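J.: here are the coordinates; sequence isn't available:
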């Protein structure tokens, strides 16, 4: 099976046949025959192409809670699509077999390695309809690197009455967000840490563009939830956690924040699995700093993965694993005190 060529939209021509990719904050200047850091956005004859257009390396129906999204149509299934390639190099990546696949032959004729199953946008949306799924996520790897594929698919999905989600590192450019925004309903953004050194050394990226993306998405009215994978000894120091909480509270204290456990993977086989004590400490710090909806993930903790009213404490959404039970009659409204709970609860 051959790779699909689709000329990229987010590009700026440079002298001597170079092109600048403007999909992510690396702003790669790519020579003819070369690729961006993601490996899949390639310069062929002085023009930028996406090598993975219409190529699904992963396509599954998940619970929306797995993204994780807890305040966005709870209990619904979501068709989740990913390709190979990524613009980050996270040493702890848990999807590294597809995200870190970059080095493959690709030429002017379009012949290349097997990159996934043929799933052009029309087929993705048709699959969602056949499965009775109304939500579509671009996930597993960073959707910025296949943003033209994501955008074309999301456009069709919106025309069919579906809603779409980015599960993202937040390393997009403002041009990328403007490009996808008309077709995007929600995003879960990984805030991987709060130190530039951590982003440079562990992720091969920078922190500032992620913070700017969070600010931009909130200002644009996209429903945002945030995930932080807690890596023992790397991003679990109290001062760093408090700084993250204060930044998020400055955007909105009602942003759901998912604090999740990590396990050894990829280039960090030595990593200590996240201790329960570490998760509980991070949870308490987030609550102390004023975050109203904090959740623990990748461990079984029914209390700290369920949604309570921050005013009266009433249990509203009871979760055990990915199973959710709604304990309200009017979605998004606490039956105890009438407080409106932020989120996207209805169509």
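T.: Sure thing, it's come through. Note that the structure is predicted; figures quoted are calculated from it, not measured. Residues are numbered from 1 along each chain as shown.

J.: ok, what's across the strand from the most centrally placed residue in the chain?
T.: The centre of the chain sits closest to residue 167, judged by Cα atoms, centre = their mean, with a distance of 1.7 Å. Beta-bridge pairing for residue 167 (DSSP bridges): residue 188.

J.: Confirm for me that it is in contact with residue 139.
T.: Yes. Using Cβ atoms under 8 Å, residue 167 makes contact with residue 139 at a distance of 3.7 Å. From N, CA and C alone the C-beta is placed, and that goes for glycine too.

J.: Quick check: buried residues in stretch 295-313?
T.: Across stretch 295-313, burial judged by 16 or more other Cβ atoms under 10 Å covers 295-299, 301, 304-310.

J.: before we move on, back to that, identify the residues contacting the residue nearest to the centre of the chain.
T.: The contact partners of residue 167, by Cβ atoms under 8 Å, 6 or more residues apart in numbering, come to 67, 80, 137, 138, 139, 140, 143, 187, 188.

J.: quick one: which of these is nearest to residue 23?
T.: residue 143 (9.6 Å; Cβ to Cβ).

J.: what pLDDT does that closest one get?
T.: Residue 143 carries a pLDDT score of 98 in this model.

J.: That one and residue 292: what is the separation?
T.: Residue 143 sits 28 Å away from residue 292, going by Cβ to Cβ, to the nearest Å.

J.: what about those two, which has more around it?
T.: Counted by other Cβ atoms under 10 Å, residue 143 and residue 292 do not tie: residue 143 has more neighbours, with 30 against 19.

J.: contacting residues for the more buried one?
T.: 150, 166, 167, 168.

J.: and what of residue 101?
T.: 39, 57, 84, 85.

J.: My read is that the last one contacts residue 140, right?
T.: No. Counting by Cβ under 8 Å, residue 85 sits too far from residue 140 to count as a contact (10.8 Å).

J.: who touches both of the two?
T.: residue 99.

J.: quick revisit: find the pair from the contacts of residue 143 with maximum spatial separation.
T.: Top of the distance list for the contacts of residue 143 (Cβ to Cβ): 150 and 167, 11.1 Å.

J.: Common neighbours of the two, please.
T.: 138, 143.

J.: got a winner among the contacts of residue 143 for most neighbours?
T.: In the contacts of residue 143, the most neighbours by other Cβ under 10 Å go to residue 166, 29 neighbours.

J.: From residue 211, how far off is it?
T.: For residue 166, the distance to residue 211 - Cβ to Cβ - is 17 Å.

J.: repeat for residue 32
T.: For residue 32, the distance to residue 211 - Cβ to Cβ - is 34 Å.

J.: So between these two, which is more surrounded?
T.: residue 211 (17 against 14).

J.: Quick check: pLDDT value at the more buried one.
T.: 98.

J.: SS state for the nearest residue to it once chain neighbours are set aside?
T.: Here the nearest residue to residue 211 in space, its sequence neighbours aside, is residue 247; by Cβ to Cβ, 6 or more residues apart in numbering that works out to 6.8 Å. What DSSP: H, G, I helix; E, B strand; the rest coil gives for residue 247 is helix.

J.: excluding its backbone neighbours, what's nearest residue 207?
T.: residue 199 (4.6 Å).

J.: who's in contact with that neighbour?
T.: 192, 193, 205, 206, 207, 210.

J.: correct me, but the third one touches residue 190?
T.: Yep, that's residue 205 we're talking about. No. Contact criterion Cβ under 8 Å: residue 205 and residue 190 do not qualify, at 10.5 Å.

J.: Looking at the two, which has the bigger crowd around it?
T.: More neighbours surround residue 205 than the other of residue 205 and residue 190, with 25 against 21 (other Cβ under 10 Å).

J.: Now do the same contact list for the more buried one.
T.: Contacts for residue 205 (Cβ under 8 Å, 6+ apart) come out as 25, 26, 87, 88, 89, 169, 171, 199.

J.: Backbone torsions only: list them for the residue lying closest to the fifth one once chain neighbours are set aside.
T.: Read it as residue 89. Spatial nearest neighbour of residue 89, chain neighbours left out: residue 204 (3.4 Å); criterion: Cβ to Cβ, 6+ apart. Backbone torsions for residue 204, taken as degrees, to the nearest 10, come to phi 70, psi 40.

J.: and if you look at residue 93?
T.: phi -50, psi 130.

J.: now the helices for the stretch 51-200 of the chain?
T.: Using DSSP state H, counting those that start in this stretch, the helices of the stretch 51-200 of the chain run over 96-99, 121-131, 147-159, 174-180, 196-198.

J.: what's the neighbour count on the residue nearest to residue 211?
T.: For residue 247, using other Cβ under 10 Å, the count is 16.

J.: Please report how far it lies from residue 150.
T.: 27 Å.

J.: Residue 266 too?
T.: 24 Å.

J.: related to what we said a few turns ago, separation between the residue nearest to the centre of the chain and residue 159?
T.: From residue 167 to residue 159 the distance is 22 Å (Cβ to Cβ).

J.: thinking again about what came up before, what is the most widely separated pair among the buried residues of stretch 295-313?
T.: Going by Cβ to Cβ, the pair spanning the buried residues of stretch 295-313 furthest: 298 and 309, at 25.1 Å.
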